[in-house]
Structure formats: C-alpha cells, structure tokens
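Colleague: okay, structure incoming, though there's no sequence with it:
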Ligand SMILES: NC(=O)c1ccc[n+]([C@@H]2O[C@H](COP(=O)([O-])OP(=O)(O)OC[C@H]3O[C@@H](n4cnc5c(N)ncnc54)[C@H](OP(=O)(O)O)[C@@H]3O)[C@@H](O)[C@H]2O)c1
Ligand SMILES: NC(=O)c1ccc[n+]([C@@H]2O[C@H](COP(=O)([O-])OP(=O)(O)OC[C@H]3O[C@@H](n4cnc5c(N)ncnc54)[C@H](OP(=O)(O)O)[C@@H]3O)[C@@H](O)[C@H]2O)c1
C-alpha cells in the first residue's frame, strides 16, 4: 500500500471509530440499548487502536508490553471488584485516563520542545487537565473506598488557596507558551501545581457527592484527551475527547438536578460537614423515637394488604438485598402486595438500589420510581424503611430552611404505619436529624438491616 | 494583513457562522425561541457571506449586481405574499437554492474540467441533487399555487420510467467521473435528465402532500449545498448543508408521522387520486345528509354551554378566520365557553390553522391540540366543523380498510350535536366520503364558510 | 479532504440530533428557516463569480448568486414573518 | 488545524445534544461507559511510544499506554458488568 492509501485507510478507520462512539453514547443513554451501545463503542475503540498501530514506522515492543499489562490489570480489576465498589473503580479508571493524557502531553513536549504556538497551548492544557483529573480521581477513589475519610476536609481559606494555585498555573502557562523551549522547569512546576490542585479541589467534597465529582472529572478527562488530540493533530482523539467532555458536563448536571442541588453547591459547599451540634438544634421538641419489637412488625407485615420497602444506603452497607427478597417472597406467599420504592439518589451512586435489587433478582415490575409510588403511600399498610434516611426526610418537603429543602422525597409518612430498620440514632449522608423517626406513625426496629430482616423472615413464616 | 492571518480570520468566521446555524436550528424547533433562532441563523449567514467576500483577489462587480438583484426580489417576495401562500413561496425559494448549487457545480466543472476524482464526484452530486431540487420545487410550487392541477398526475409505468432515468443518470455519472475532461456533453445530458427527474418525481404526488415534498426537497437542497462545499473545499458549506440535509429528513419524517403515513406512501402512492367511483362504494347504505337552517344553528349555539370550533381547509379557502373570531366573541358575551380544536394536519400545511387563527387574534389559550380536546367532546354541546373533512372522518378510527385508517382524528361525533359548514357534497383532500355527515347527530349548513358564519354572527346577536 | 468528510459526518449526526419533537405549528417555519440556511450555497456562488472570469462563468455565476440570494434573503424574511404571527399570539398568553 | 478546531466545536455540540433525559439507574453505567471512551487518549500514547525513542519517552510513554489501556479495557468491562445486571432483570419483564 502506498503511504497515501494507508493514511486514508487509517483516517477512515478513525471516522468509523468516531461514528461508533457517537452511536454508542447515544445508545448508552436508553435502558433497552445500553449494553449494545457499550459494545459498539468498544468496537470503535478497537478500530481506533488498530488503525493507529498501522501507522508506518511504528516500533512495537513497548507498545505490546504496555497493552498487555494494561489489559490484564484492567480486566482483572473489572471482574474482581464487588458490585458495590464499582463507582470507586470507575474513579480509578478515570484517573488512569487523566494520567495517560498528562504523560502524553509531557512526552510530546519533552521530545519536541519547540513547536507552533497552538501545539504548545495544547500541551499545556493536556498536562493541566490531565493532572487535575488524575489526582482528583485518585482522591475521589480513596474517599469512596474509605481509604480517606469520606467527610469533607475543610480548612480555612481553602477556596482562596485553590484560586491562587489555579492563577499561578495559568500565569506559568503564559510563560511556558511564550518560550516553550527554555521552560522545562516551568513545565515541571506546572505539573506539580496541577497535581496539587487536583487533590485540594476534591478533598473538601463529601464522600457521598463523589459520583457527581467523578462524572465531572470524567468530563475533564475527555477534554484532556481532546487536548492531547490537538497536540498530535489527531481527529478521533479530538472528536471522542470533546464528545465525552460535553456529554460528561450534561450528565453531571442531570445528576445534580436529581439531588436538587447546583454543581457549585456540590463543589464548594462542603455539604455533609454540618457539625452535630448545629444539626441537633433542629431536633428540639420532636419527642422521642418509639421502638417496636420484631414480632409486632412480623404480625403487622403478615396481615397487611400492601407493603412498600424503601431501601437506602443502609441496605447496601448491610448487603441485605437478598434477605429483602426473601422477606418479600414470604409475604407474597401470604397474599401481601409487595412494592419497592426507589429514590433516584438513594444509596451512594445513581442506580445503587437498582443494581443491588437486580442482583437479588427482584422482579423489575415491583420497582417503583418516586413519582409512581408517592401517590400509593396513603393506601399502603406498612412502609418498611431499610437503612434509608435522607430520602425519606419530611423536612425536605416541610421545612424550607432545611439543608435539603426541595429535594423530592419518598413520602412514607403518608402510609398507615412506618417501620424503620436502622442500627441506632445514626445520621444519613446529609448529617441532618430526621423528623420522620419522631412521628406518631413511625416505629423503630434497631439492628443491622440484614440481621433484622433475616429474623423477620422467620417470624413472618411462623405468623 | 498577511495571507495566512486573513485565511485564519475567514475560517474563524466560518466556524462562528456554523455555530450560529446550529444554535439557530436548535432554537427554531421550540416555540419560545423560534424567532430569535431564525435571527441568529441569519446573522450566521451574514458572517459567512462577509467572510467569503474578504477572500483576497475577489472581483466584486458581478457579485454586487447579483446580491442586489437577489436581495430585492427575495425581500419583495417575502413581504408581498399572502399569509396562506407562504408554503408555495418556501418551495420557490428552495428551488432557487437548488438552482444555485446546480450552477455552481456546473461552473466549477466548466472552469476546471480536470480535477481530482473526489472533486468530480462532488460536482456530479451537486449538479444532480441541485437539478432535482430545482425542478421538483418548481413543480411543487406550481401545484400549490394551482398553476398545475393539484391532483396527482399518474401515468402507467411512471415508477419504471423514473427508475430508468435515475439509473441512466448514475451510469452517465460513472462515465463522467472516469474522464471528466472529455465529458462536457455527458454533463449536459446529466443536467437535462436530472431536471426531468425532478419534474417526474413530483408530478405524481397530490397537491396536499406538497408540504412533505417541500421538506424533503429542502433536505436535498442542503445536501446539494454540501456537495458544492466538497467541490470548493469549504467547511461552512459542508457543515450547514449537511445539517440542513439531516434535520430536513428528520422533519420530513415527523411530518409524515403526524399524518400517520410513511414517506414511501407519500412519494409513491398517488394519494388523493382515488376515483370517485371507488370512493362512492364506501358510502352505500349510509342514508342521507340532513340539512339544517341558519336560525336553528344560531339558537343552538346561543344557548349552549360549550362550543368547539373545528376549522379545516375550508376555513382557509373561505378566509373565514376573522368571522369565526367574531362569532366566538358573540358567543362568549352570552357566556358560552368557546374552544378551537386544532388537528395537526388540518389545512394544507402544518400549522395552517394556527397561522390563520393567530392572524385573527384568537387567544392562544383557546386553541386545543388533538389529545387535549378529544376527551372534551362528550361534554360539548355543539361541535362546529368549519370546512374540515378528513380530520373529522370517523372512518379513520372505525374502518380499518379506509385509506386513512389509523390517522388520529378529532372525535366530533362524540359531541351532543355536530354542525358542518361546507359548500356542498365536496370531498376533502383524501377524496373519501365522510360517514360523519350521515350520522344522526350531524346537521349540514351549506354555503361558503365565511358567508354562513357572517350570517350566524348576526343571528346569534339577535337570539 | 478526509477531514472535511469527517466534518460532514459529524454535521449529519448533529442535524439528526438537533431536531426532535417539534410542535406541529412550527413545522412550516422550521422548514422555511432551514431552507434559508441551505442558501449557504451562496458562498460557493460568490467564490465562483469572484475568482473566475470567463463570460460563461460570469453569466451563470451571477445567476447563481441571484438565485442563492433570493433563497437566503427571502427565506429568512418569510420565516420571520411566519414566526411574528406566533409571537403576537404568545404575547397574549 | 483550524479544521480540527472546527471538528472540536461540532463534537462538543454533538456531545451536548446526545445526552438528555437519562433514567437515573443508567447514570453510573453511562458515566462509566463514557469514561471508557475518554481512554481514547491511548491513541496518543501509542503514537508517542511507537514513533519516539529516547529512554524517557519509552518509560513515560509505556506508563501512559498501560494507564490508558487500564482505563479502556477496565472501563468497557465494568460497564458491561453493570449493564448485564439490568439486562437480566429486563429479561423478566
Ligand atoms: N445515590 C446517589 O447517587 C447519591 C450521590 C451523592 C449523594 N447521595 C446522598 O446520599 C443520601 C442517600 O440517602 P439514603 O436515605 O439512601 O441514605 P442515608 O441518608 O445516607 O442514610 C443511611 C442510613 O442507613 C443506616 N444504616 C447504615 N448502615 C446500616 C446497616 N448496616 N443496617 C441498617 N441501617 C444502616 C444509617 O443509620 P444508622 O447509622 O443508625 O444505622 C443511616 O441513617 C442522600 O442524601 C443523597 O443525596 C446520593
Ligand atoms: N396540514 C398539512 O400539513 C397537510 C399536509 C398534507 C396533507 N394534508 C391533508 O389535508 C387534509 C386536511 O383535512 P381538512 O379536514 O382540513 O380538509 P379537507 O379534508 O381537505 O376538507 C376540506 C373541506 O372543506 C370544504 N370547503 C372547501 N372550501 C370551502 C368553503 N369556502 N367554505 C366551506 N367549506 C369549504 C370542502 O367541502 P365542500 O367542497 O363541500 O365545501 C372540503 O370537504 C387531510 O387529509 C390531511 O392529511 C394536510
């Protein structure tokens, strides 16, 4: 093949890959086609890689080593991880993407320091965004995996420090772009500061906001890829990088909207860092929580007409999804109608409850979204809240001064009676007290969710 | 300015123009922003034109003449035309766009016959699509403006002839692309055949399907523009041409869906050419149409609680929109609730009724779409059908063998009583008989809609 | 060239995604407005007339400029006129 | 170069248009799937290692290839695993 034909073939491969990415992303956003969409986009990636490898004059030994190591680690991590650990894994993967862009930018500069201005600018952006993505994702990973405290780490003047660092990076960026060939040290400082910025930007954000942060960092890593594309003048990189960059921003804002918060609030408010003292003030005069017994609950459930389970983060930590299903089975055998109410932000990642319950083979038809189930509560005999807290907090609806005011909630307090399964007086992610627990309709069943449920299954079967 | 800077500036202008087109199209598809969107896209066009004129080495005398003549004609036509003639005007404009692409392709070939293969291919497509768009649009215009008979002109073997012509064009295209420099005559034959194809493809389509055809031709003219862009290697042409090409196809299919027909059916079925004989067969045993008197109707209306007006094509031909509004006012003064039921394909262009009623200042809040008003008919005292026919034909709902079976209709036959204003026993666009007119609840008030309504206003005021 | 083809592909996808769920009263204005955009072929006409100079080119090219200008100017104005009617109505909401 | 910038702009618009109204249970898979796509930077890493040859480049470049491959391979697989769970459930519908 002539050089020209080869180039055309490679470029056609890139075009096909880009189209497959576009189709894949489109299909990923609808439940029916999502899995096929992911596959299609993977095919696109394969085509892009193969096309690249066809470039004339490539030396392959390091490439093969790198691809092999990366593929083994990636595949192993993807299969070894527990279902509930997936969000942190995504964060980690995303960090590696950022690292790659950082290194590519750096290596390209290292090899050819003197390049046209736009290439230098692209190098700067690839390094900056790549570094922030890299360290930011690592911190997000550490928080989710509880290697770092999940709560926001705040210190005085944090925003000012971050702003100063960013300003310094930009100033150095100008220096660097003006005389790239003489600015090797400047580049190193830029890298160091960008890495630091990545850490400092994410540390003050609460662990439970990490999904949003990861989505944002994902968007960044797309942009870093696009910047790398401008460095090596490669169209498929630019297209897919900017696709991911743009769609990532949209997804981030969709996720924020589901929690009824703005992106600014997520990034800067240190949400979840409310001291217990200030939170306690809200609970004044709410009376006491009323405990109930296992047998009472079992009887109530066994003779109910309709029971709605409301799972939350506690279900995930207790890994109680299978037992819930067993309890539901036992109840259904007795003719009780069982439904599950799924709040969009229950748990710690979007779709957390769906994933858990799907794992336990709960039939899809029993899962109800917020808008579908809320009108049902008034005709529900027992609403069983399993390790959920914020998503059933009536303050969000009733108290306009609440931190979570305006967040749509599952209105369990409209049910005939409410049973709450939790271990004690622990707070939810928001750190707020929950007036639901003090309402006359509510009874508390203390203990680990899995434990309580296991014993409930036995009790119901004997009732 | 150096040549390079100038080129960059021109290209940046093109990018800005493309972005404005994208934003404009997006905004055009939502009622709130539509007008601003059109303005934004016009600004984009201005930028693109100015950027082009900056090209070094341009000679301006012919350009100025052309721009001036075109602008005057275009502006004059846009302002002089009557509201109801707008669809045919759009067809005409679209034809001019096609003509321009055709001429550009031809001139570029004429000037430089020997070019790289892809340029020659692009020339071929610009000429082919441009010609089809040109003549197709002219025929569509003539049909809508009634300079040609609106009914489908069918002849035996039409599809075969069209197919043969297309095949011949493609075959000649190969010849042309193989040796462009020697193929001047071939090019002329291609032009001639393409023009013929444009005529023959549109002639068999009924006048009332023209909006769909125009939308399709609009998509073509975008593609012709994109092809011209490949000829002169111009990015803004390619982007905006393909944008219009793709969105035009989508719009076309949306329009077809509103009529519950497929694009194939619109293009090839000669819809509306049903002979009266075959249609008459359907009317057997439907009894007679019952006439009513003006005074009866006036009394009925004056003492009704709710009246729904159902305007159709007849309202447009009678230009009765203002009188309807007067009648509505008279009724409202008497405390009658008045609503207008707007079928998506009433009239002869999408939004036809909206445009007419808006012209008569009918308040927006009184206009109801199909889905909103259908549940209302059972509680409606009088449904007044003003020159509508197909859109209230119950056969579409009840008779699965009907030509229009499945088209959603306004279910006026569920109202307590129906009054139909039309001139006689004329058929609607589909040429079908309408069983509604034979139903016991229905009364006919014959005469031109404007006439009847004017007299009704007087009668209601005296009732 | 290959990059231009790429641009073409992207623009096609964008065109497909941009339009969806258009209320029926906007079908005609949208058609008319995008028709005006398709008059962008005026750029090609300008380039042809402005840079070539045989008589045939001047004649045909000028006709092309006239035709494209009609499409552009008329298209935008008539679209605006259509939309102005809705505007008026919306004001009353 | 200017054309590449154009491609960039178009792709950004396309990205914005592509995603809208995603059901909440798909947020995480979508994030993960598009994260895998952002591993496209592997192409740049491959070009760097394959065509340059100082030691530093080889070392850093290879690390870049490893990192990007982890992102790509792991990203697609974990997304598939997540979606497989929904699939199973959907089959029961
Ligand atoms: N889903 C997302 O994408 C996402 C993303 C970011 C933020 N968030 C936030 O996360 C929160 C989710 O609300 P949520 O109601 O699901 O959870 P939550 O408000 O965090 O409450 C969890 C509750 O579960 C209990 N719990 C913990 N472990 C348990 C165990 N082993 N057995 C029984 N109970 C246990 C805890 O009380 P005890 O300690 O007393 O047991 C706690 O009150 C929302 O505020 C949401 O905004 C969600
Ligand atoms: N809107 C669109 O975009 C579009 C596009 C393509 C096709 N179409 C088709 O067009 C049809 C529209 O249905 P339609 O119900 O609005 O109209 P129609 O079915 O065409 O019926 C119009 C009726 O108006 C009567 N009429 C005509 N002039 C009149 C006058 N001066 N005064 C009183 N009555 C008069 C005619 O009966 P007389 O002769 O007895 O008076 C005729 O029956 C549908 O079949 C639709 O599919 C619409």
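Modeller: Cool, the structure landed. Here the structure is a predicted model, which means the values were calculated and not measured. Numbering: from 1, shown residues only, chains lettered A, B, ... in the order given. Ligands and ions are numbered 1, 2, ... in the order given.

Colleague: what ranges do the helices span in chain C?
Modeller: Counting by DSSP state H, chain C has these helices, from start to end: C:2-18, C:27-38, C:41-51, C:55-69, C:75-91.

Colleague: would CSV of these with distance to ligand 2 and mean pLDDT be doable?
Modeller: From N, CA and C alone the C-beta is placed, and that goes for glycine too. CSV is the format used below for these (distance: least, CB to the nearest ligand atom, whole Å; pLDDT from 0 to 100):
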stretch, distance to ligand 2, mean pLDDT
helix C:2-18, 21, 84
helix C:27-38, 7, 89
helix C:41-51, 27, 90
helix C:55-69, 27, 91
helix C:75-91, 14, 75
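
Colleague: and the residue of chain C that's closest to chain B?
Modeller: Using CB to the nearest CB, the point where chain C gets nearest to chain B is residue C:69, with a distance of 2.4 Å.

Colleague: in contact with that residue, which residues?
Modeller: The contact partners of residue C:69, by CB atoms under 8 Å, 6 or more residues apart in numbering or on different chains, come to B:66-67, B:69-71, B:73-74, C:39, C:42.

Colleague: low-confidence ranges, the stretch 51-200 of chain A, go.
Modeller: Residues of the stretch 51-200 of chain A meeting the criterion pLDDT under 70: A:150.

Colleague: please repeat the previous calculation with a cut-off of 90.
Modeller: Low-confidence regions of the stretch 51-200 of chain A, defined by pLDDT under 90, span residues A:54-62, A:79-88, A:110-118, A:143-162, A:179-184.

Colleague: just want the residue of it that's nearest chain D.
Modeller: With distances taken as CB to the nearest CB, the stretch 51-200 of chain A approaches chain D most closely at residue A:70, which sits 2.4 Å away.

Colleague: for whatever residue of chain A ends up closest to chain C, give me phi and psi.
Modeller: Relative to chain C, the nearest point of chain A is residue A:11 (4.4 Å; CB to the nearest CB). Its backbone dihedrals place residue A:11 at phi -70, psi -40, with angles given as degrees, to the nearest 10.

Colleague: kindly report the same for residue A:421.
Modeller: Recorded main-chain torsions at residue A:421 are phi -100, psi 110, according to degrees, to the nearest 10.

Colleague: verify the stated contact: it with residue A:387.
Modeller: Yes: the pair formed by residue A:421 and residue A:387 meets the contact definition of CB atoms under 8 Å, at 6.4 Å.

Colleague: neighbour count: these two, which is higher?
Modeller: Between residue A:421 and residue A:387, counted using other CB atoms under 10 Å in any protein chain shown, residue A:421 has the larger neighbour count: 30 against 26.

Colleague: that one pairs with what?
Modeller: Residue A:421 has these beta-bridge partners by DSSP bridges: residue A:386, residue A:445.

Colleague: wait, residue C:25 touches residue B:349, no?
Modeller: No: taking contact to mean CB under 8 Å, the distance of 10.1 Å between residue C:25 and residue B:349 leaves them out of contact.

Colleague: rewinding a little: what sits against the closest residue to the residue of chain C closest to chain B other than its chain neighbours?
Modeller: Leaving aside its chain neighbours, residue C:69 sits nearest to residue B:70 (2.4 Å; criterion: CB to CB, 6 or more residues apart in numbering or on different chains). Each residue near residue B:70 by CB under 8 Å, 6+ apart is listed here: C:65-70, C:72-73.

Colleague: residue ranges for the helices of the stretch 151-300 of chain A, please.
Modeller: A:158-178, A:184-202, A:210-232, A:235-258, A:263-268, A:276-281, A:294-302 (DSSP state H, counting those that start in this stretch).

Colleague: closest to ligand 2 out of those helices?
Modeller: With CB to the nearest ligand atom as the measure, helix A:235-258 is the member of the helices of the stretch 151-300 of chain A nearest ligand 2 (33.7 Å).
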